[in-house]
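**Q** give me the fold of what follows.
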Amino acid sequence: MDHLENINQEISYVVQENISYELVENSYIILNLNNGKFYELNNSSSFIWGLTSKKNSLKKIIENTKEHFSISDDKVSEILSIIDKFEHLELIQKIEN
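**A** Numbering: from 1, shown residues only. As a prediction, the model looks like this:
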(Lines give C-alpha, C1' and ligand atoms only; values in the text may rest on other atoms or scores of the structure.)
Protein backbone atom coordinates (compact mmCIF):
# COMPACT_ATOMS: atom_id res chain seq x y z
CA MET A 1 0.00 0.00 0.00
CA ASP A 2 2.86 2.37 -0.75
CA HIS A 3 0.63 4.75 -2.67
CA LEU A 4 -1.51 5.23 0.46
CA GLU A 5 1.27 6.69 2.57
CA ASN A 6 0.33 10.25 1.57
CA ILE A 7 -3.37 9.74 2.31
CA ASN A 8 -4.88 10.26 5.74
CA GLN A 9 -6.48 6.85 6.27
CA GLU A 10 -8.14 7.97 9.49
CA ILE A 11 -10.60 10.27 7.73
CA SER A 12 -14.23 9.24 7.50
CA TYR A 13 -17.13 10.39 5.39
CA VAL A 14 -20.64 11.56 6.06
CA VAL A 15 -23.56 11.37 3.66
CA GLN A 16 -24.46 14.86 2.45
CA GLU A 17 -27.77 16.44 3.41
CA ASN A 18 -30.62 15.82 0.96
CA ILE A 19 -29.19 12.46 -0.11
CA SER A 20 -31.58 9.56 0.24
CA TYR A 21 -30.49 5.96 -0.21
CA GLU A 22 -31.91 2.50 0.17
CA LEU A 23 -30.59 -1.03 -0.21
CA VAL A 24 -32.66 -2.94 -2.77
CA GLU A 25 -31.68 -6.54 -3.54
CA ASN A 26 -28.02 -6.03 -2.51
CA SER A 27 -27.62 -2.80 -4.50
CA TYR A 28 -27.95 0.73 -3.22
CA ILE A 29 -30.22 3.19 -4.97
CA ILE A 30 -29.18 6.76 -4.19
CA LEU A 31 -31.27 9.87 -4.85
CA ASN A 32 -29.84 13.35 -4.70
CA LEU A 33 -32.82 15.46 -3.66
CA ASN A 34 -30.93 18.66 -4.58
CA ASN A 35 -30.79 17.91 -8.29
CA GLY A 36 -33.16 14.95 -8.76
CA LYS A 37 -30.41 12.62 -10.02
CA PHE A 38 -30.41 9.02 -8.91
CA TYR A 39 -27.77 6.33 -9.05
CA GLU A 40 -27.97 2.56 -8.93
CA LEU A 41 -24.72 1.13 -7.63
CA ASN A 42 -23.19 -2.15 -8.71
CA ASN A 43 -22.12 -4.82 -6.21
CA SER A 44 -18.68 -3.45 -5.36
CA SER A 45 -19.81 0.18 -5.23
CA SER A 46 -22.74 -0.82 -3.02
CA PHE A 47 -20.40 -2.60 -0.62
CA ILE A 48 -18.18 0.48 -0.42
CA TRP A 49 -21.20 2.79 -0.04
CA GLY A 50 -22.44 0.68 2.87
CA LEU A 51 -19.11 1.10 4.67
CA THR A 52 -18.76 4.76 3.76
CA SER A 53 -22.27 5.71 4.87
CA LYS A 54 -21.60 4.24 8.31
CA LYS A 55 -18.74 6.69 8.92
CA ASN A 56 -16.02 4.04 8.81
CA SER A 57 -12.46 5.29 8.46
CA LEU A 58 -10.85 5.13 5.04
CA LYS A 59 -8.48 2.50 6.41
CA LYS A 60 -11.38 0.29 7.50
CA ILE A 61 -13.20 0.78 4.18
CA ILE A 62 -10.09 -0.31 2.28
CA GLU A 63 -9.34 -3.28 4.56
CA ASN A 64 -12.92 -4.58 4.56
CA THR A 65 -13.32 -4.17 0.81
CA LYS A 66 -10.04 -5.94 0.08
CA GLU A 67 -11.03 -8.81 2.36
CA HIS A 68 -14.63 -9.08 1.08
CA PHE A 69 -13.61 -9.21 -2.59
CA SER A 70 -10.24 -10.96 -2.03
CA ILE A 71 -8.33 -8.26 -3.86
CA SER A 72 -4.69 -7.27 -3.61
CA ASP A 73 -3.07 -3.96 -2.74
CA ASP A 74 -2.71 -3.03 -6.40
CA LYS A 75 -6.51 -2.67 -6.63
CA VAL A 76 -6.73 -0.13 -3.78
CA SER A 77 -6.71 2.69 -6.32
CA GLU A 78 -10.04 1.38 -7.64
CA ILE A 79 -11.56 1.58 -4.15
CA LEU A 80 -10.28 5.14 -3.79
CA SER A 81 -11.66 5.99 -7.22
CA ILE A 82 -15.15 4.88 -6.19
CA ILE A 83 -14.99 6.98 -3.02
CA ASP A 84 -13.70 9.95 -5.03
CA LYS A 85 -16.63 9.56 -7.41
CA PHE A 86 -19.10 9.61 -4.49
CA GLU A 87 -17.40 12.77 -3.28
CA HIS A 88 -17.32 14.38 -6.74
CA LEU A 89 -21.05 13.68 -7.16
CA GLU A 90 -21.54 15.45 -3.80
CA LEU A 91 -23.07 12.36 -2.19
CA ILE A 92 -20.56 12.32 0.66
CA GLN A 93 -18.04 14.65 2.28
CA LYS A 94 -14.88 14.04 4.26
CA ILE A 95 -14.79 14.50 7.99
CA GLU A 96 -11.51 14.62 9.87
CA ASN A 97 -11.28 12.34 12.89
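**Q** wait, what's in contact with residue 31?
**A** Listed by Cβ atoms under 8 Å, 6 or more residues apart in numbering, the contact set of residue 31 reads 19, 20, 21, 37, 38. For glycine as for every other residue, the C-beta is placed from the backbone atoms N, C-alpha and C.
**Q** ChimeraX command to pick out the buried ones of those?
**A** Buried residues within the contacts of residue 31, by 16 or more other Cβ atoms under 10 Å, are selected in ChimeraX with:
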select :19,21
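**Q** make a markdown table out of the contacts of residue 31 and add pLDDT, secondary structure and distance to residue 92.
**A** Below are the contacts of residue 31 laid out as a markdown table (pLDDT from 0 to 100; DSSP: H, G, I helix; E, B strand; the rest coil; distance: Cβ to Cβ, whole Å):
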| residue | pLDDT | secondary structure | distance to residue 92 |
| --- | --- | --- | --- |
| 19 | 97 | strand | 8 |
| 20 | 97 | strand | 13 |
| 21 | 97 | strand | 11 |
| 37 | 96 | coil | 15 |
| 38 | 95 | strand | 16 |
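**Q** determine which two of the contacts of residue 31 are furthest apart.
**A** 21 and 37 (12.6 Å; Cβ to Cβ).
**Q** pretty sure residue 86 is in a helix, no?
**A** Yes. Looking at residue 86 with DSSP: H, G, I helix; E, B strand; the rest coil, it is inside a helix.
**Q** what does the helix or strand where residue 65 lies rub up against?
**A** Element membership for residue 65, per DSSP states H and E: helix 58-69. Outside helix 58-69, the residues that touch it by Cβ under 8 Å, 6+ apart are 1, 4, 7-12, 44, 47-48, 51-52, 56, 71-73, 75-76, 79-80, 83.
**Q** beta-bridge partners for the closest residue to residue 20 other than its chain neighbours, please?
**A** Spatial nearest neighbour of residue 20, excluding adjacent residues (Cβ to Cβ, 6 or more residues apart in numbering): residue 31 at 4.6 Å. Here residue 31 sits in beta bridges with residue 20, residue 38, going by DSSP bridges.
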